[in-house]
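Enquirer: Generate coordinates for the sequence data below:
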Amino acid sequence: MSVESIIQSIKNLVKVHENLLKISEEKTEVVKAGSVDKLQTVLIKERKLVQLLDKEEDSRKKKVDEWFLQNGFPTEDTTISKILESLTNEKEKKELENHTVELTELMLKLKQQEQLNLALIQQSMQFVQVSLDLMSPSLKNMNYGNEKDQSSSNRSMFDSRA
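Expert: Next comes the predicted model:
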């Protein structure tokens, strides 16, 4: 297993993360607009990309494990950092490092974007809850129960002296 196949896997992960970042930015705009229908379609696209991301990540892990086995390293701690330490070809080392840094930066941007989406959704949920609270009648306004402070007297409507 060559380092080139690991680099290719990381490039694939970068592409998937770029697409996820675009979807996440689209999701932000949809949440701001308050369109539930569009949000559902965006979430479907996002789910498909997450499934693809899982497949690509599994492929990367397998390739890294194979590289460690092929080069006689223990497979307990298989990290890109360990590969970078053991590489002698400077070109491959630099390329692997650059793509790994690019992937890490994309993951950080995606995490920040998703945190923004979470905050926007929580804010929307709070707004909905406040709106529902304002629209629903409170128990004090209901006509059921004993009214202690009635202003009318206990006199009958008819004069019983007649």
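Enquirer: Report the central residue of the protein.
Expert: Centroid check for the chain by Cα atoms, centre = their mean gives residue 114 as the closest residue, at 4.8 Å.
Enquirer: Secondary structure element for that residue, which one?
Expert: helix 90-135 (DSSP states H and E).
Enquirer: Give me the distance from that helix to the chain's centre.
Expert: 7 Å (Cα atoms, centre = their mean, to the nearest Å).
Enquirer: try stretch 88-99
Expert: Distance of stretch 88-99 from its chain centroid, counting by Cα atoms, centre = their mean, is 32 Å.
Enquirer: Stretch 41-53 too?
Expert: That offset, for stretch 41-53, works out to 11 Å (Cα atoms, centre = their mean).
Enquirer: So which residues of this structure form helices?
Expert: 3-33, 36-70, 80-86, 90-135 (DSSP state H).
Enquirer: Let me have these in TSV, adding mean pLDDT as columns.
Expert: Formatted as TSV, the helices of the chain follow (pLDDT from 0 to 100):
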stretch	mean pLDDT
helix 3-33	95
helix 36-70	94
helix 80-86	89
helix 90-135	92
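Enquirer: sorry, back to before: not including adjacent chain positions, what is the nearest residue to the residue nearest to the centre of the chain?
Expert: Here the nearest residue to residue 114 in space, its sequence neighbours aside, is residue 24; by Cβ to Cβ, 6 or more residues apart in numbering that works out to 5.8 Å. To be clear about C-beta, it is placed using only N, CA and C from the backbone, and glycine gets the same treatment.
Enquirer: how many neighbours does that neighbour have?
Expert: The number of residues packed near residue 24 is 20, by other Cβ atoms under 10 Å.
Enquirer: Repeat that for the one 4 residues further on.
Expert: A total of 17 residues lie near residue 28 under the criterion other Cβ under 10 Å.
Enquirer: Quickly note the distance from it to residue 107.
Expert: As judged by Cβ to Cβ, to the nearest Å, residue 28 and residue 107 stand 17 Å apart.
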